[in-house]
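sequence-free structure coming up:
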């Protein structure tokens, strides 16, 4: 199983510091659990279950992990506390690998459909606009031409904030006045991307958790107008979740995956929280790839989620 863990890369240092709070919180509890214990028994596993739940792994995923550990212990006759840590690491790694393939860590430099259209969804306050700015920066650093679309037309602040990011990164922003039809902005953005031979178009949407039917209708309308120009668009429906909200992130994931065909997730603010266990739970429960993670404030601190590096860093 040790073959899971690859050689340390340059971005691992940032990942290590980015999930330090989660790692410290988890291992403080884990160390307390194993101190003075001599064997893996039901009491130890009950306490481990509590630790995982309190780390925001989520109840269903925690139960699954504990059941897998119980089977390993019974089958392979593991007994020591050192072995428990190894088994836990391996089972979390296996679970993450089972839930979809690893996204290429060189994705920003990859050959993509042109223009590659990303539709960004998520509630207000999760770091949606910041993530769009960081994505635009990463693609631009890879030599790609990027166009942004200010599709959250319900808040003037959202349009202004995206405009600041567009200027900061040095990319074009397609915008209309507040209250305009978001689908119209999406249409203009994709049209502009095609006309200017741009590589990537990233389109914001309103961050409201209104009822599922309205949300579904709005996002369906946006997708339909895009497809009049590019039949395969959007290539990526990216759901932004704030890792620091823990279980609220699960609820938002449930709402948005039910309302539209989300095929990628970005988990922001991992560096500011001890609730990084939410990465494991969301990956397991929603079977939607976690594609990006935010591990700091800088523009380059949005990383492609590397499952192996994440687990390796968590168990340092």
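Nice, thanks for sending it over. Fair warning: this is a prediction, and the values are worked out from it, not measured in the lab. Residues are numbered from 1 along each chain as shown.

quick one: low-confidence ranges for the stretch 201-316 of the chain?
Per-residue confidence for the stretch 201-316 of the chain (pLDDT under 70) gives these ranges: 209-211.

which stretches of it form strands?
Secondary structure of the stretch 201-316 of the chain (DSSP state E, counting those that start in this stretch): strands at 236-242, 264-268, 290-294, 302-304.

Same list (those) but as TSV, adding distance to residue 71 and mean neighbour count.
No exception for glycine: its C-beta is placed from N, CA and C like everyone else's. Below are these laid out as TSV (distance: least, CB to CB, whole Å; neighbours: other CB atoms under 10 Å):
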stretch	distance to residue 71	mean neighbour count
strand 236-242	31	25
strand 264-268	29	25
strand 290-294	26	23
strand 302-304	32	21
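
Could you give the bridge partners of the most centrally placed residue in the chain?
The residue lying closest to the centre of the chain (CA atoms, centre = their mean) is residue 266, at 2.5 Å. Assessed by DSSP bridges, residue 266 has beta-bridge partners residue 240, residue 292.

how about residue 152, secondary structure?
Classification of residue 152 using DSSP: H, G, I helix; E, B strand; the rest coil returns coil.

Correct me if wrong: it contacts residue 206.
Yes: taking CB atoms under 8 Å as the definition, residue 152 is a contact partner of residue 206 at 4.7 Å.

what touches both of those two?
Common contact partners of residue 152 and residue 206 (CB atoms under 8 Å, 6 or more residues apart in numbering): 158, 182.

okay, those two: which has more neighbours?
Neighbours were counted for residue 152 and for residue 206 using other CB atoms under 10 Å; residue 152 has more, 25 against 20.

How much space separates the more buried one from residue 161?
Computed as CB to CB, to the nearest Å, the residue 152 to residue 161 distance reads 9 Å.

And the helices in the stretch 201-316 of the chain, which stretches?
With DSSP state H, counting those that start in this stretch, the ranges of helices along the stretch 201-316 of the chain come out as 212-227, 247-259, 278-286, 307-314.

and the longest one with helix 247-259, angle?
Right, helix 212-227. Angle, helix 212-227 to helix 247-259, by axes from the mean of the first three to the mean of the last three CA atoms, to 10 degrees: 60 degrees.

and helix 212-227, how far out from the chain's middle?
Mean-position distance between helix 212-227 and its chain equals 22 Å (CA atoms, centre = their mean, to the nearest Å).

can you list the residues that contact it?
Here helix 212-227 makes contact (CB under 8 Å, 6+ apart) with 117, 119, 121, 151, 182-184, 186-187, 190, 203, 205-206, 208-209, 233-234, 237, 255-256, 258-260.

Repeat that for the third one.
Applying CB under 8 Å, 6+ apart, the external contacts of helix 278-286 come out as 56-58, 60-62, 64, 92, 95-96, 99-100, 241, 243, 246-247, 249-250, 253-254, 257, 262, 265, 267, 270, 288-290, 293, 305, 310.

sorry, back to before: tell me which of the helices of the stretch 201-316 of the chain sits most buried.
Comparing those by mean neighbour count (mean count of other CB atoms under 10 Å), helix 278-286 ranks first with a mean of 24.

My guess is residue 172 contacts residue 166. True?
Yes: contact criterion CB under 8 Å: residue 172 and residue 166 qualify, at 6.9 Å.

So for those two, which sits in the more crowded spot?
Neighbours per residue, other CB under 10 Å: of residue 172 and residue 166, the larger number sits with residue 166, 21 against 17.

List the residues that contact that one.
By CB under 8 Å, 6+ apart, the residues touching residue 166 are 133, 136, 148, 172, 173.

thinking again about what came up before, look up how far residue 30 lies from the residue nearest to the centre of the chain.
Distance, residue 266 to residue 30, by CB to CB: 28 Å.

likewise residue 249?
Noted for residue 249: a distance of 23 Å to residue 30, by CB to CB.

do residue 148 as well
Separation of residue 148 from residue 30 (CB to CB) stands at 43 Å.

More neighbours: which of these two?
Neighbour count, other CB under 10 Å: between residue 148 and residue 30, residue 148 has more, with 29 against 20.

that's a helix at the more buried one, yeah?
No: remark: residue 148 does not belong to a helix; assigned using three-state DSSP, it is strand.

What separation do you get for it and residue 118?
Distance, residue 148 to residue 118, by CB to CB: 10 Å.

Next: residue 299.
17 Å.

same deal with residue 105?
The gap separating residue 105 from residue 118 is 18 Å, by CB to CB.

list the contacts for the closest residue to residue 140 other than its chain neighbours?
Leaving aside its chain neighbours, residue 140 sits nearest to residue 146 (5.6 Å; criterion: CB to CB, 6 or more residues apart in numbering). The neighbours of residue 146, taking CB under 8 Å, 6+ apart as the test, are 136, 139, 140, 169, 171, 172, 198, 199, 200, 201, 202.
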